[in-house]
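Colleague: return a 3D structure for these sequence lines:
(2 chains)
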Number of protein chains: 2
Amino acid sequence: MSTPAALTWSTTNCPVGRAMDILGESGTVIVLREIFNGVRRFDLMQRHSGLSRAVLSHRLALLVEHGIVHRVAYRDPGERERHEYRLTTRGFDLQPVMVALADWGGKHLSGPEGPAVEVEHRDCGARTHVALVCEEGHVIDRLRDVRTRPGPGAMPT
Amino acid sequence: MSTPAALTWSTTNCPVGRAMDILGESGTVIVLREIFNGVRRFDLMQRHSGLSRAVLSHRLALLVEHGIVHRVAYRDPGERERHEYRLTTRGFDLQPVMVALADWGGKHLSGPEGPAVEVEHRDCGARTHVALVCEEGHVIDRLRDVRTRPGPGAMPT
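Modeller: Reported below is the predicted structural model:
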């Protein structure tokens, strides 16, 4: 066995690890799914996702703390002021993560009838997926044609 | 507020939810990161990831159970038989999820020096990212140009 190159750099500041420090908390991605799908109010999110009020509340606070969603006040006629949750730019940048998860779950974990949801391109209505594209403009068909290398922030192990 | 369309379909069989039932277990994505980076042996994974032996062992069992990785026997000279962990096709199909996480973490959670890792296209060496592409061949630049719709397996709420 040749020694894997990855062993030469530290995982301390790994971008995947840092992303999962936030997204790996149980329920966080589910909350994001609701907000991406336009379900922005606490009660609706709670009912649609099935998360407990406590978990939903904690995860929303975590997402606000990390600048992924922000609270916006609204007031329905005759009601007190409430808040809904919207994605920040940083939050919206998670769209490819969500679509990649939907692609994989849809392909590998659906029943025989097919996936429960699809992602569509608003302009043309066609189903949309994630693809790997390099900065030279190549669309990469074979997943084995990419590999990880140390970046400018890499630290030795 | 118009009622979000997503409220008309059940989240019971949501592909993102199903994916997160597996990937949402703390440490699962970290184990996958190691295997994607060629770190396939238990001791090396444990040392490089910093996960405890118990967590690593449980997460590998989970990934095997779900057909995402499989165990392959090997024997170093003079040693007993051991196993390493390799991705199945289903596991390899998580590559876009991993790259999407690396993209987001690299962009939003890195220090001033930049991301610790990059993904490269083996053929040309250029950095590689995920992109949203529809089945009509449009590369979608604006994340707001996609939306979720019920798929063939959708169930009413």
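Colleague: distance of A:R127 from A:H66?
Modeller: Going from A:R127 to A:H66 by C-beta to C-beta, to the nearest Å gives 31 Å. In this view, the C-beta of every residue, glycine as well, is placed from N, C-alpha and C.
Colleague: ditto for A:F42
Modeller: For A:F42, the distance to A:H66 equals 18 Å [C-beta to C-beta].
Colleague: repeat that for A:S10.
Modeller: 22 Å.
Colleague: can you pull out the strands in chain A?
Modeller: Assigned strands in chain A, in chain order: A:69-74, A:82-87, A:117-121, A:128-134, A:139-140, A:146-150 (criterion: DSSP state E).
Colleague: the shortest one and chain B, any residue contact?
Modeller: Right, strand A:139-140. Yes - legend: contact between strand A:139-140 and chain B by C-beta under 8 Å from any C-beta of the partner chain is shown at A:V139, A:I140.
Colleague: who touches that strand?
Modeller: Under the contact criterion C-beta atoms under 8 Å, 6 or more residues apart in numbering or on different chains, strand A:139-140 has outside partners A:A131, A:L132, A:V133, A:C134, A:V146, B:H121, B:T128, B:V133.
Colleague: got CSV for these, with neighbour count, distance to B:P96 and pLDDT too?
Modeller: As requested, these are exported to CSV (neighbours: other C-beta atoms under 10 Å in any protein chain shown; distance: C-beta to C-beta, whole Å; pLDDT from 0 to 100):
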residue, neighbour count, distance to B:P96, pLDDT
A:A131, 18, 8, 96
A:L132, 23, 6, 96
A:V133, 20, 11, 95
A:C134, 22, 14, 96
A:V146, 22, 10, 94
B:H121, 19, 14, 97
B:T128, 26, 11, 97
B:V133, 20, 11, 95
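Colleague: measure stretch A:131-142 end to end?
Modeller: Separation of the first and last residues of stretch A:131-142 by C-alpha to C-alpha, to the nearest Å is 10 Å.
Colleague: was I right about A:D93 contacting B:K107?
Modeller: Yes - between A:D93 and B:K107 there is a contact under C-beta atoms under 8 Å: 6.7 Å.
Colleague: where along chain A do the helices fall?
Modeller: A:15-23, A:28-36, A:42-49, A:53-65, A:89-92, A:95-108 (DSSP state H).
Colleague: got these as a markdown table, with mean pLDDT columns?
Modeller: Output for the helices of chain A, formatted as a markdown table (pLDDT from 0 to 100):
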| stretch | mean pLDDT |
| --- | --- |
| helix A:15-23 | 94 |
| helix A:28-36 | 97 |
| helix A:42-49 | 95 |
| helix A:53-65 | 97 |
| helix A:89-92 | 96 |
| helix A:95-108 | 96 |
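Colleague: list the buried ones in stretch A:21-35?
Modeller: In terms of neighbour count (16 or more other C-beta atoms under 10 Å in any protein chain shown), stretch A:21-35 has its buried residues at A:22-25, A:27-35.
Colleague: and stretch A:74-86, by the same measure?
Modeller: A:E84, A:Y85.
Colleague: neighbouring contacts of that stretch?
Modeller: A:35, A:40-42, A:45, A:60, A:63-64, A:69-73, B:1.
Colleague: try 7 Å this time
Modeller: Applying C-beta atoms under 7 Å, 6 or more residues apart in numbering or on different chains, the external contacts of stretch A:74-86 come out as A:I35, A:R40, A:R41, A:L60, A:V69, A:H70, A:R71, A:V72, A:A73.
Colleague: restricted to buried residues, select the residues you listed in PyMOL.
Modeller: Only the buried entries of the contacts of stretch A:74-86 go into this PyMOL selection, using 16+ other C-beta under 10 Å:
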select buried, chain A and resi 35+40+41+60+69
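Colleague: next, format the contacts of stretch A:74-86 as TSV and append distance to chain B.
Modeller: TSV is the format used below for those (distance: C-beta to the nearest C-beta, whole Å):
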residue	distance to chain B
A:I35	10
A:R40	8
A:R41	8
A:L60	17
A:V69	13
A:H70	15
A:R71	15
A:V72	11
A:A73	13
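Colleague: could you find the closest non-adjacent residue to A:G50?
Modeller: Spatial nearest neighbour of A:G50, chain neighbours left out: B:T11 (6.7 Å); criterion: C-beta to C-beta, 6 or more residues apart in numbering or on different chains.
Colleague: OK, contacts around the one you found?
Modeller: A:H48, A:S49, A:G50, B:G17.
Colleague: looking at neighbours, which among these is most surrounded?
Modeller: Among these, the one with the most neighbours (other C-beta atoms under 10 Å in any protein chain shown) is B:G17, at 22 neighbours.
Colleague: quick check: that one vs A:A102, distance?
Modeller: 10 Å.
Colleague: domains of chain A?
Modeller: A:1-91, A:94-144 (automatic domain parsing).
Colleague: save these as a markdown table, and put in distance to B:R86 too.
Modeller: Formatted as a markdown table, the domains of chain A follow (distance: least, C-beta to C-beta, whole Å):
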| stretch | distance to B:R86 |
| --- | --- |
| domain A:1-91 | 12 |
| domain A:94-144 | 12 |
